[in-house]
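Visitor: I would like to see how this sequence folds:
(4 chains)
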Protein chains: 4
Amino acid sequence: MLSTSHDRNAVPSTGPFGYSLPLSPSGQASMLTPPPWHFSGEVIMVEYRVDPAAAARFLPPGLTLGADPGAAAAVFAEWQWCSASGEELAEPASNQFAEFLVLIGCEREGVPVARCPYAWVDQVVPLVRGWVQGMPKQFGVVHQSRATAVGRGGPRLAPGGRFHGSLSVNGRRAVEAAVTLNGRTDAKPFLHTVPLAHTLVFPDWASTGAGRPTLVASEVTDVEFSDVWKGEAELRFLDVLGEDFAELFPVETGDGYVFSYSETLCGGRIL
Amino acid sequence: MLSTSHDRNAVPSTGPFGYSLPLSPSGQASMLTPPPWHFSGEVIMVEYRVDPAAAARFLPPGLTLGADPGAAAAVFAEWQWCSASGEELAEPASNQFAEFLVLIGCEREGVPVARCPYAWVDQVVPLVRGWVQGMPKQFGVVHQSRATAVGRGGPRLAPGGRFHGSLSVNGRRAVEAAVTLNGRTDAKPFLHTVPLAHTLVFPDWASTGAGRPTLVASEVTDVEFSDVWKGEAELRFLDVLGEDFAELFPVETGDGYVFSYSETLCGGRIL
Amino acid sequence: MLSTSHDRNAVPSTGPFGYSLPLSPSGQASMLTPPPWHFSGEVIMVEYRVDPAAAARFLPPGLTLGADPGAAAAVFAEWQWCSASGEELAEPASNQFAEFLVLIGCEREGVPVARCPYAWVDQVVPLVRGWVQGMPKQFGVVHQSRATAVGRGGPRLAPGGRFHGSLSVNGRRAVEAAVTLNGRTDAKPFLHTVPLAHTLVFPDWASTGAGRPTLVASEVTDVEFSDVWKGEAELRFLDVLGEDFAELFPVETGDGYVFSYSETLCGGRIL
Amino acid sequence: MLSTSHDRNAVPSTGPFGYSLPLSPSGQASMLTPPPWHFSGEVIMVEYRVDPAAAARFLPPGLTLGADPGAAAAVFAEWQWCSASGEELAEPASNQFAEFLVLIGCEREGVPVARCPYAWVDQVVPLVRGWVQGMPKQFGVVHQSRATAVGRGGPRLAPGGRFHGSLSVNGRRAVEAAVTLNGRTDAKPFLHTVPLAHTLVFPDWASTGAGRPTLVASEVTDVEFSDVWKGEAELRFLDVLGEDFAELFPVETGDGYVFSYSETLCGGRIL
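Guide: The predicted structure is shown next:
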């Protein structure tokens, strides 16, 4: 059982308790554990460019396009995660998920940040945890090649290694990408190094005034990159997700990257 | 495309827009449509009794056990749904879901209501829509027998017809139920006729003071029952979901019911 | 436990036993039960026409196009099934599956039959059982509207009722169909009333000479149709399944049907 | 498109063609490609012991318990695969699968081999391909920890690294295992180094005499092991899969191993 007690992080202050729904006598039924959450992931990332005017239409008040208007990235990742106790590590059936997200380069008061207009994951706990942070995660089927050390069934982390990623939503293929490695690079892909600026917002069911949109960033520690491999990228968005998503289709495809990445997500702060 | 425009129900008031995340220039990328939502479902329901002291530990301030302490129900349902426009009806891949929930009989200021301490669904949109209402939906695999008119592959809505339901969570069987029909009844199963009293609560990511727990009820119209079939019930909870859930194990199993049910969910109000 | 014993239908004659793999000491580990298998299903069916020359290329020696060359049908069905013992009825998590199949009208020695060049199901047991019969079932995600008696969440079996079906394969939408009901009909859809002529064939792994293609038909009893509803149909095949499948795209769409259907499958015979 | 032509490996000799069902004009609709198949996998393996008398009941004529009666292994693996053309590498949505299998140590004419009485995979193509080889693959949900190079979300390939595996079948947890690494070893886990002896058998649908059980082995080339890590193992079988499977429950748990492994599967031969 998770060690969350109702003495810490508990909402509400009288029973039943829980960091999130479901509330229960001990608070341990909560679907979400409180942060910190530790993440380790394998990433396939493609830099690309969108129409700057379209990018601007996805930015809320307080964010501007900044120095490199139209910079964007498509990111595939397979994650494993655990809470402070590490207990989730014993359940690979629920502590793994795959994710695809789009990032748009922008600025907050002159500081480079990234905006995530769309994200898809294949597990529910990270999806709801995303909404807690203001990250607009939806449900999708995400697959990506895994680096292998032996045999011909998968790609190597070596020049010529070819990594693929795909996203399907509601039974329709939406995104396909491939990266063919050239070699290691010292430069990290920029949009994976800046804070994400999310909008906390949630439907106000009973007109209590809750859920007014608030610009926030996540507090992240223990960021670690493995060696970063760089290469030629291909990126294809298919027209199955509506007109808004289509505004962010690539007008140009840049470099591709393959690397491992880890971070600890500790909480949020108002931007 | 869904017809939601940013003139109605839109949050926030300047772009990007959306009833929910993801926000987008037109508001149409929103994962959730605004209410009303129309539901049509096939229900297998088993009345049972829990330890009243355990039931009380699941009730928030403002709810009391009422006249029939320990009354509970286990409800399996297969739903189809659509929004006001009805457009979702064209996509059976996403407008259907299965649900299992537990109900506890209780009272709000002397008025009978039901509390739902646990619920599981097999699709993400109804899960998040549940959290919007304060309904603690988690992800589960729910299956139930479907009434058939021909052949031997399924049960009939007739005396002797035998209907089964099951819930699995994270690859573990958690609940099994069966109802063997005796005949039609004029009496609707009580806990399916009273309002649900939920607690609106959501993790307060950036310490903005949002998400203080609020007791709410849903505003429901156009309730319709088909003929209600009643019979002998079996109900088995397996010990795979932790100690809190185990507090609600049946101490006695009552009648079983099979029926169709529909409602329109229009919004929420503070209780 | 299933009641299959190694005294009946058992292959091989000395242990371990089983109607199919896996073999085990009692024979009860067999993934498949021996026939008879009882099926009850809800069907949405669209008659259409293909290029007769293309249809002919899908027919093996012994089958000819017959009196109505180019007649075809697209069939969506949600099935429940059980073996002779009926024990599977207690497990709705495994005795239900959805299916989409294509039928081509043809003849065997002057007798009308149907050929199924493609079929998809969403469960493994019916998939392998299909291969036992020579039915080329693959894995797909199949969804269809369910008739409802109450509310606005689904269609009615009544004039104007609109039923949808969809098939996705490997995360790509492949087929979409809709039927809008006009009224009941006395005429059953022809291709659902004739025997299916399959080719028994299986890769010959160890060059034992097994698996030579054999034209067979299934022995079916206890066929039952509910009332058959007829209406206007729409049918769309998307180009995601390769050139062979594309040969069978509709050149004309005919009538649509919605009905319940049951049969018992008893075994196979050489045609 | 796959490059399989009807000039090679095609069954039958006149159209429609295909290495397997579905048959089609070009043969390219075949669900299975012909061998060779290249596999690269990440393996978590636990050696254990079963009751030798139970093991013997799972052996067909021609196999004997051999020098180490009761030797067994539980193997979790995540695979990527491709055919000769390598085209499947571009589709991670379909060229990856997870597998759990049980191995029993035995002998064929004095030569050590392994018998696989049970196997589960989470994709249909490898399942049917297993039946082509006589490998009794069923459908299960298999998860295992993935080695990570950064962060706290997963285990390291290092002393103390802890790897977990689980199998669920029909929504019921069936097997759980864990391995805590001590260090590298030069000794490969024995049952992963010997040939598998399968029984080719398939239900004889039309009483053609096909499908007589035949003892076969697979022809494998290009076997490669990464470094092999060894450690303390835990292994738990839960009683949800029937009496035959329960005969193979561990009476003693041995060492655990974590390693990468690759092979090319070229065909089968009669033993």
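
Visitor: which residue sits closest to A:H38, ignoring its sequence neighbours?
Guide: Leaving out its chain neighbours, the residue that sits closest to A:H38 by CB to CB, 6 or more residues apart in numbering or on different chains is D:R152, at 3.9 Å. All C-beta atoms are positioned from the backbone trio N, CA, C, and that covers glycine.

Visitor: Assign a three-state SS to the residue in the stretch 51-200 of chain A that chain D sits nearest to, would you?
Guide: Going by CB to the nearest CB, chain D is nearest to A:G151 of the stretch 51-200 of chain A, at 2.2 Å. With DSSP: H, G, I helix; E, B strand; the rest coil as the basis, A:G151 sits in coil.

Visitor: Can you give me every residue that contacts A:A72?
Guide: A:A72 sits next to A:E47, A:Y48, A:R49, A:V50, A:A55, A:V102, A:L103, A:I104, A:G105, A:L191, A:L248, A:P250 when contact means CB atoms under 8 Å, 6 or more residues apart in numbering or on different chains.

Visitor: How about the backbone phi and psi for it?
Guide: Backbone geometry at A:A72, expressed as degrees, to the nearest 10, gives phi -150, psi 170.

Visitor: excluding its backbone neighbours, what's nearest it?
Guide: Of all residues not flanking A:A72 in the chain, A:V50 sits nearest, at 4.7 Å (CB to CB, 6+ apart).

Visitor: The closest residue to A:A187 other than its chain neighbours - how many residues pack around it?
Guide: Leaving out its chain neighbours, the residue that sits closest to A:A187 by CB to CB, 6+ apart is A:V228, at 7.5 Å. By other CB atoms under 10 Å in any protein chain shown, the residues close to A:V228 number 19.

Visitor: check whether the longest helix along chain A contacts chain B.
Guide: Assignment by DSSP state H gives helix A:124-133 as the longest helix of chain A. Yes: counting by CB under 8 Å from any CB of the partner chain, chain B has neighbours in helix A:124-133: A:V124, A:V125, A:L127, A:V128, A:W131, A:V132, A:Q133.

Visitor: Near the last one, how many other residues are there?
Guide: Think A:Q133. 22.

Visitor: Ok, the third one next?
Guide: The number of residues packed near A:L127 is 25, by other CB under 10 Å.

Visitor: dump the residue contacts of it.
Guide: Counted by CB under 8 Å, 6+ apart, A:L127 has contacts A:V121, A:K137, A:Q138, A:F139, B:V124, B:V128.

Visitor: Against D:I44, how distant is the closest residue to the second one other than its chain neighbours?
Guide: Okay, so that is A:K137. Excluding the flanking residues, the one nearest A:K137 by CB to CB, 6+ apart is A:G130, at 3.4 Å. Look at A:G130 and D:I44: by CB to CB, to the nearest Å, they are 30 Å apart.

Visitor: Check A:Y118 too.
Guide: From A:Y118 over to D:I44 (counting by CB to CB), the distance is 35 Å.

Visitor: One more: A:P35?
Guide: From A:P35 over to D:I44 the distance is 29 Å, taken as CB to CB.

Visitor: Check A:P136 too.
Guide: Going from A:P136 to D:I44 by CB to CB gives 35 Å.

Visitor: try A:L215
Guide: Distance from A:L215 to D:I44, by CB to CB: 44 Å.

Visitor: the more surrounded of the two?
Guide: Between A:L215 and D:I44, D:I44 has the larger neighbour count (other CB under 10 Å), namely 26 against 18.

Visitor: which secondary structure elements does the helix or strand hosting A:E107 contact?
Guide: In this structure, A:E107 sits in strand A:96-108 according to DSSP states H and E. Under the contact criterion of 3 or more CB pairs under 8 Å, 6 or more residues apart in numbering or on different chains; DSSP states H and E, strand A:96-108 touches helix A:52-57, strand A:71-83, strand A:111-121, helix A:124-133, strand A:141-144.

Visitor: quick one: contacts of the last one?
Guide: Here strand A:141-144 makes contact (CB under 8 Å, 6+ apart) with A:42, A:44, A:76-78, A:98-100, A:120-122, A:163-169, C:171, D:91-93, D:96.

Visitor: Restrict the residues you listed to the buried ones and give me that as a PyMOL selection.
Guide: The PyMOL selection below is limited to those of the contacts of strand A:141-144 classed as buried (16 or more other CB atoms under 10 Å in any protein chain shown):
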select buried, (chain A and resi 42+44+76+77+78+98+99+100+120+121+122+163+164+165+166+167+168+169) or (chain C and resi 171) or (chain D and resi 91+92+93+96)
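
Visitor: count of residues packed around the nearest residue to A:E247 once chain neighbours are set aside?
Guide: Leaving aside its sequence neighbours, A:E247 sits nearest to A:A54 (CB to CB, 6+ apart; 4.0 Å). Number of residues near A:A54 (other CB under 10 Å) recorded here: 18.

Visitor: give the contact list for A:A54.
Guide: Here A:A54 is in contact with A:E247, A:L248, B:P25 (CB under 8 Å, 6+ apart).

Visitor: Need the pLDDT of it.
Guide: Looking at A:A54, its pLDDT reads 98.

Visitor: for A:E47, same thing?
Guide: Taking A:E47 on its own, its pLDDT is 98.

Visitor: pretty sure it contacts A:A73?
Guide: Yes: with contact defined as CB atoms under 8 Å, A:E47 reaches A:A73; the gap is 5.3 Å.

Visitor: Of all the residues in the lengthiest strand in chain A, which ones are buried?
Guide: Counting residues, the longest strand found in chain A (DSSP state E) is strand A:252-270. By 16+ other CB under 10 Å, the buried positions in strand A:252-270 come out as A:253-265, A:267-268.

Visitor: For these, work out which two are farthest apart.
Guide: Using CB to CB, the two most remote members of the buried residues of strand A:252-270 are A:T253 and A:G267, lying 35.3 Å apart.

Visitor: and A:A72, how far is that from chain B?
Guide: Relative to chain B, A:A72 is positioned 15 Å away (CB to the nearest CB, to the nearest Å).

Visitor: again, but for A:R212
Guide: To chain B, A:R212 is 8 Å away according to CB to the nearest CB.

Visitor: next one: A:S262
Guide: A:S262 sits 21 Å away from chain B when distances are taken as CB to the nearest CB.

Visitor: Point out the residues in the stretch 101-250 of chain A that sit beside chain B.
Guide: Taking CB under 8 Å from any CB as the contact definition, the stretch 101-250 of chain A meets chain B at A:117-119, A:123-125, A:127-128, A:131-139, A:170-171, A:199-206, A:208, A:210-214, A:216, A:242-245, A:247.

Visitor: The residues you listed, buried ones only, as a PyMOL selection?
Guide: For the buried members of these, the matching PyMOL selection, counting by 16+ other CB under 10 Å, is:
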select buried, chain A and resi 117+118+119+123+124+125+127+128+131+132+133+134+135+136+137+138+139+170+171+199+200+201+202+203+204+205+206+210+211+213+214+216+244+245+247
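
Visitor: Next up, the contacts around the residue nearest to the spatial centre of chain A.
Guide: Centre of chain A computed as the mean C-alpha position; nearest residue by CA atoms, centre = their mean is A:L101, 5.6 Å away. Each residue near A:L101 by CB under 8 Å, 6+ apart is listed here: A:A74, A:V75, A:C116, A:Y118, A:A119, A:W120.
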